[in-house]
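>>> Based on what follows, work out the 3D shape:
(2 chains)
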Protein chains: 2
Amino acid sequence: MPDTVAPNLVAAVSESRHWDRMMEMAAIGAFTDADGNIGVNRPCLSELDRQARRLLISYAQQAGLPVSVDALGNLFLRHEGSDPTLAPVLTGSHMDSQPNGGRFDGIWGVMAGLEAVQAIRESGVATRRAIEVVAWTNEEGGRFAPGCMGSMAYAGFAKPDTWDAVTDLQGVTVGDALAEQHAAEADLPRRPLGVVDGIAPHAYLEAHIEQGPILEMEGDEIGIVTGIQGSRWFLVEIQGRTDHAGTSPLRIRRDAMQDAVRAITALNALMHDPADVLRFTVASMEVFPNTSNTVADRVRFTIDFRHPDNEVLQARGNAIAGVIQAALQTCRFTLTERFHAVPVNFQQEVPAAVERAAKAQGLRARRMPSGAFHDAQFMVPLCPTGMLFVPCRNGVSHHPAEYSTAAQLAAGTRVLAQALTELANT
Amino acid sequence: MPDTVAPNLVAAVSESRHWDRMMEMAAIGAFTDADGNIGVNRPCLSELDRQARRLLISYAQQAGLPVSVDALGNLFLRHEGSDPTLAPVLTGSHMDSQPNGGRFDGIWGVMAGLEAVQAIRESGVATRRAIEVVAWTNEEGGRFAPGCMGSMAYAGFAKPDTWDAVTDLQGVTVGDALAEQHAAEADLPRRPLGVVDGIAPHAYLEAHIEQGPILEMEGDEIGIVTGIQGSRWFLVEIQGRTDHAGTSPLRIRRDAMQDAVRAITALNALMHDPADVLRFTVASMEVFPNTSNTVADRVRFTIDFRHPDNEVLQARGNAIAGVIQAALQTCRFTLTERFHAVPVNFQQEVPAAVERAAKAQGLRARRMPSGAFHDAQFMVPLCPTGMLFVPCRNGVSHHPAEYSTAAQLAAGTRVLAQALTELANT
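As a prediction, the model looks like this:
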C-alpha cells in the first residue's frame, strides 16, 4: 500500500473550485444572524433541500458521474472502477442542516467526496473499485426526528417505512415529504435501498468538520476518527390541567410547566458527571396552550443524552423514567425513546488508510473519538468504516458562526482523495 | 331606590333567547377537545372576532340599538335614556377568547348587557340615563400582550398608539390588525375614544363568570365583586450560546434552557406563599432554535404574578430581576414588565346596587374579590364601578370545559338588568 504522496492526485484537488462550490451550495437556505454570521437553514425533504440536490446533480453531470436515488431519497454519484463487479467504496455525508445551522456540517462531506472523486478522475489515477459519493437523507433530525433515517434504512437498522407517519411541527409526514421529493426527482434512476445483490460496500469513509474544539486547540489539521459515542434521544410529555392564572390557588393546580422544571432539575442530578464526559441536553420544549395567563396543561421536551461508555449509556438512560416519575408532583407523563445508538469503535482498516494519507501529505493528524453522531455509525456492521475530521473555528457547529477555512477543507479533501484511492485499490 | 323586584323587567329577560344567542356566538371559533368539551379560540382583531362582532351588531339592530366604534375598536350599543344629556351607565365586557378558551369568559358580559337592555326596552321600564353596552378590544392578551388594551386606552391609562408595534406570534402588529378591522367596519359610525366632552360614565357594571370555584362551593348564585387583585406581567429573555449537544462539554456551555430552569426554580422560592393567596404562573415559553441536539441560545418565558395586597405586589414584583440575576450561571437576561395593574377596591355605589337587586330577586349572593383581572379595574378612576359574577362549573375557565348553565346566566342577567335600571335612574 502506498504511504507516499500521490502528487498528481493531491495537485488535482482544487481548493478554489471546492470552496466556490461550497459557497454556492451555502447560498441555498442562507440567512445572516444578528452578528453578521452567514448560516444555513435547509431542512431535509424541503424545497431548499431539493434545490441543493439539483446543484449537486449538476456538478456530478459536469464531472461525468451517473446519479441514482433510493427509496429513502439517499442520493448516489458513481465513479466507475476498472472492475465494476467489485464492491464499491462509499464516501459522503448529508445535505440537510440544523434550523439555525452552519455552512459546513454534513454538506462538506458530500462536496469533499465529489471533489476527491473529480480529482481522482482528472489526475488519471486508476481505481479498481467504484467510488460512490452518497448524500444521506435526514441526518440532522431537525425537521423530522430521529436523525440518520437514510443511513439507518440503508444499513437495515430499520424498515424503510418506519418513520412514514413521523410529522414535522407543521404536521407534514415523512411519507408525504418523501413522496413529494421522489415526484420532483422522477428523472433520476431509482436504485434498490441498501446492500444490493448481497454486495456490501468495501469500505465507508465520511469526511466531516469536527464540530468540537480539539483539533484547533491542539493545532492539528486532520482528525482520524476512532469511533462514535453512543446517543439516546427521548421525548418527555407531561400532562397536567389548565387553570386560570389569576384565580386558581397554587395548591390545586396541576401545572405541567412546574413539573417539567422539577423533572429537568432531577435529570440534571441523574446526569451529573464530574469528569464532564457525559453529554446531557434539554434543547427543545413546547408548551400548551402557551399563553401567559393560563396554567400550562401540557409540556413536551426532548432529552439528548450521549456517552462513549455503553454501560453508562444504558444505566443512566434506563433510569430516566424513574427519575421523572419521582420528580413530578401533580402531573402524569410519558417517555418515548426516539433514537438509540450504542457507542461504536471503528475497525482499523479505514482509520489506518486515513492516517497513512495524512502522514504521506505531511499533515498533523491525531486519533480521536467523535462526540457527535454521524451516518457512519450505521455502516459499521456492513463494512470497514471510518471518518476524517477537519478543524472548525472555536469548535462551533450547529450555528451560523460555524466556519472552516478553504485551506482546511482542501487539506481534508486531499487526505480523503488519497485514502479513497487506496481503499478502492485493495 | 327600589329594593323590591321589578316584575315586568325580570320577566322580560328571556333565558332561552339569551342562551340561544350565547350558543350562536360560541359557534364562532368553536372547537371540540379530546374530552368532547366545546371550546372557543377567537383571537382579538381576527376574522373570527369580526364575525362575532357582526353577529352582535345584528342583534343590536334587531333590538333597535345604534352601534358605534372607537379608535381602539371598542364597540358600543346605545339604549337612549329619557334625558340624553346625562352621563350614560356603561355595561359590558370583551369578546376575544383565550387560544384554548371557553364559551362564557367575557362574551357573557357583553351578551348579558344586550339581553338586560333588550329586557328593559321590552318591559317598558323607563331610564333617565342612556345605557351603553360595550365590547372592549383585547381583554385577554392571548394574541397581543398585554390584555385590556381597549379599556386601558378608553380610560386614559395609555395613549391609543401605545401598542401599535406589538406583534403576535406570526409577526402581525396591533396597528395593522386594528387598521384591518376598521376597514372591515367602515360602515359603523366612529365615536371619539374615551370620555367624551368631559362626561365620564355615570357608572360601570360588568357581568362575568367567576372563573373560580367559590360561588359553586358555597352554593351562591351571585357574586357581588368588591375589587380586583393586582397583576404584574413580565417577559424574561435569557441569552446564551448555541453549541453542539454531542461535542460541547457541559462546563463550557452557556445553555439558556438550563439557566431558565434555574431562574424559574429561584422565582418559585421568591413567590412561596404558605397562605396560597399569591398567584405565580410561568405558562408560556419559547426556546430557540428549539431543536433537540443544539444547545438553546435563547429562552423567553412569561411571568404572571398577582396579589390583592399592593405592598406584596410591589415588593416581590420588584425583587424578580435580582432573583433571576442571582440564579443565572452562564447567561445574560432582560426583564420587561408588560402589564402592571395595582389592586383596586370598588366604591360602594355599584356593588350596593347589585346587592339590592340580588336580594330583591331572592338570590343567594356573596361579596367577594376577583382573582382574575377585568376591564372593570380601569374604570375605577372614571366612575363608580362594580362587577357581578355567576358560578362556573368546577371553577374552570380558560378551558373548553368552562361552563355555566342557562339558568345561572339568566339569573345573573336579571340582576344586571335591575341594577342597571337603578343606576340609570339615579
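>>> separation between residue A:165 and chain B?
19 Å (Cβ to the nearest Cβ, to the nearest Å). All C-beta spots, glycine's among them, are computed from the backbone N, C-alpha and C.
>>> how many other residues sit next to that residue?
Neighbour count of residue A:165, defined by other Cβ atoms under 10 Å in any protein chain shown: 10.
>>> Grab the nearest non-local neighbour of it.
Distance criterion Cβ to Cβ, 6 or more residues apart in numbering or on different chains; nearest residue to residue A:165, sequence neighbours excluded, is residue A:173 at 5.7 Å.
>>> go on, residue A:21?
residue A:111 (5.9 Å).
>>> Chain A - how does it break down into domains?
A:7-229+A:343-423, A:231-341 (automatic domain parsing).
>>> Adding mean pLDDT, write those out as JSON lines.
Compiled in JSON lines, those are given as follows (pLDDT from 0 to 100):
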{"stretch": "domain A:7-229+A:343-423", "mean pLDDT": "95"}
{"stretch": "domain A:231-341", "mean pLDDT": "95"}
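>>> Residues contacting the helix or strand hosting residue A:369, please?
Assigned by DSSP states H and E, residue A:369 belongs to strand A:365-370. Strand A:365-370 is contacted by residues A:214-215, A:218, A:220-229, A:308, A:351, A:354-355, A:358-359, A:387, A:389, B:246 when judged by Cβ atoms under 8 Å, 6 or more residues apart in numbering or on different chains.
>>> Swap in 7 Å and give it another go.
Contact with strand A:365-370 is made by A:214, A:218, A:220-229, A:308, A:355, A:358, A:387, as judged by Cβ atoms under 7 Å, 6 or more residues apart in numbering or on different chains.
>>> Sort out which of these are in strands and list them.
The strands, defined by DSSP state E, take in A:222, A:223, A:224, A:225, A:226, A:227, A:228, A:387 from these.
>>> Select from these the one having the most neighbours.
Neighbour max across those (other Cβ under 10 Å) = residue A:387, 29 neighbours.
>>> got a list of what the nearest residue to that one once chain neighbours are set aside touches?
Once flanking residues are discounted, residue A:387 sits nearest to residue A:225: 3.8 Å by Cβ to Cβ, 6+ apart. By Cβ under 7 Å, 6+ apart, the residues touching residue A:225 are A:346, A:351, A:368, A:369, A:370, A:386, A:387, A:388, A:389.
>>> who's in contact with the residue of chain A most remote from its centre?
Distance from the C-alpha centroid of chain A peaks at residue A:247, with 47.9 Å (Cα atoms, centre = their mean). Residues in contact with residue A:247 (Cβ under 7 Å, 6+ apart) are B:211, B:212, B:371, B:372, B:395.
>>> what's near enough to touch the residue nearest to the fourth one when sequence neighbours are not counted?
Right, residue B:372. Spatial nearest neighbour of residue B:372, excluding adjacent residues (Cβ to Cβ, 6+ apart): residue A:246 at 4.1 Å. Going by Cβ under 7 Å, 6+ apart, residue A:246 touches A:293, B:231, B:279, B:306, B:371, B:372, B:373.
>>> Flag every residue of the stretch 1-150 of chain A that's near chain B.
Contact residues, the stretch 1-150 of chain A versus chain B (Cβ under 7 Å from any Cβ of the partner chain): A:98, A:99, A:100, A:141, A:142, A:145.
>>> Just give me the closest of these to residue B:321.
residue A:100 (28.1 Å; Cβ to Cβ).
>>> Share the number of residues neighbouring the residue of the stretch 51-200 of chain A found nearest chain B, please.
In the stretch 51-200 of chain A, the residue that lies nearest chain B is residue A:100 (3.8 Å; Cβ to the nearest Cβ). If you count neighbours by other Cβ under 10 Å, residue A:100 ends up with 22.
>>> Touching, it and residue A:37? I think so.
No - Residue A:100 lies out of contact with residue A:37 (Cβ atoms under 7 Å); the separation is 10.2 Å.
>>> still on that earlier bit, for the contacts of residue A:247, name the two members farthest from one another.
B:372 and B:395 (11.1 Å).
>>> before we move on, the earlier item: any of the contacts of residue A:247 buried? List them.
B:211, B:212, B:371, B:372, B:395 (16 or more other Cβ atoms under 10 Å in any protein chain shown).
>>> that's a helix at the fourth one, yeah?
Right, residue B:372. No - remark: residue B:372 does not belong to a helix; assigned using DSSP: H, G, I helix; E, B strand; the rest coil, it is coil.
>>> Next up, the contacts around it.
A:244, A:246, A:247, B:211.
>>> For the stretch 201-350 of chain A, just list every one of the strands.
A:203-209, A:222-228, A:230-239, A:279-281, A:285-288, A:298-307, A:332-341, A:344-345 (DSSP state E, counting those that start in this stretch).
>>> Next, the residue nearest to residue A:21: secondary structure please.
Quick answer, by three-state DSSP: residue A:111 is helix.
>>> and what of residue A:415?
helix.
>>> need the contact list for the closest residue to it other than its chain neighbours.
Spatial nearest neighbour of residue A:415, excluding adjacent residues (Cβ to Cβ, 6+ apart): residue A:357 at 4.6 Å. If you count contacts by Cβ under 7 Å, 6+ apart, residue A:357 has them with A:415, A:418, A:419.
>>> Try it again at 8 Å.
Per Cβ under 8 Å, 6+ apart, neighbours of residue A:357: A:414, A:415, A:416, A:418, A:419, A:422.
>>> Just put those residues in a markdown table and tack on distance to residue B:239 and neighbour count.
Output for the contacts of residue A:357, formatted as a markdown table (distance: Cβ to Cβ, whole Å; neighbours: other Cβ atoms under 10 Å in any protein chain shown):
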| residue | distance to residue B:239 | neighbour count |
| --- | --- | --- |
| A:414 | 40 | 28 |
| A:415 | 39 | 32 |
| A:416 | 38 | 27 |
| A:418 | 44 | 29 |
| A:419 | 42 | 29 |
| A:422 | 48 | 24 |
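>>> What is the nearest of the residues you listed to residue A:166?
residue A:416 (32.5 Å).
>>> could the contacts of residue B:372 go into CSV alongside distance to residue B:403?
Shown next, in CSV, are the contacts of residue B:372 (distance: Cβ to Cβ, whole Å):
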residue, distance to residue B:403
A:244, 14
A:246, 19
A:247, 15
B:211, 12
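>>> gap between residue A:38 and residue A:29?
Using Cβ to Cβ, to the nearest Å, one gets 11 Å for the distance from residue A:38 to residue A:29.
>>> Do you have the strands of the stretch 51-200 of chain A handy? List them.
So, for the stretch 51-200 of chain A - with DSSP E, counting those that start in this stretch - the strands run A:67-69, A:75-79, A:89-94, A:131-136.
>>> wait, which of the ones you listed is closest to residue B:74?
strand A:89-94 (54.4 Å).
>>> got the buried residues for the closest one?
In strand A:89-94, counting by 16+ other Cβ under 10 Å, buried: A:89, A:90, A:91, A:92, A:93, A:94.
>>> beta partners for the spatially closest residue to the fourth one that is not a sequence neighbour?
In other words, residue A:92. Distance criterion Cβ to Cβ, 6+ apart; nearest residue to residue A:92, sequence neighbours excluded, is residue A:134 at 3.6 Å. Counting by DSSP bridges, residue A:134 is bridged to residue A:76, residue A:92.
>>> how deep is residue A:134 tucked in, by neighbour count?
Residues contacting residue A:134 under the criterion other Cβ under 10 Å number 28.
>>> How about residue A:29?
Every residue meeting other Cβ under 10 Å relative to residue A:29 is counted, giving 21.
>>> Please apply the same query to the one 5 residues further on.
By other Cβ under 10 Å, the residues close to residue A:34 number 6.
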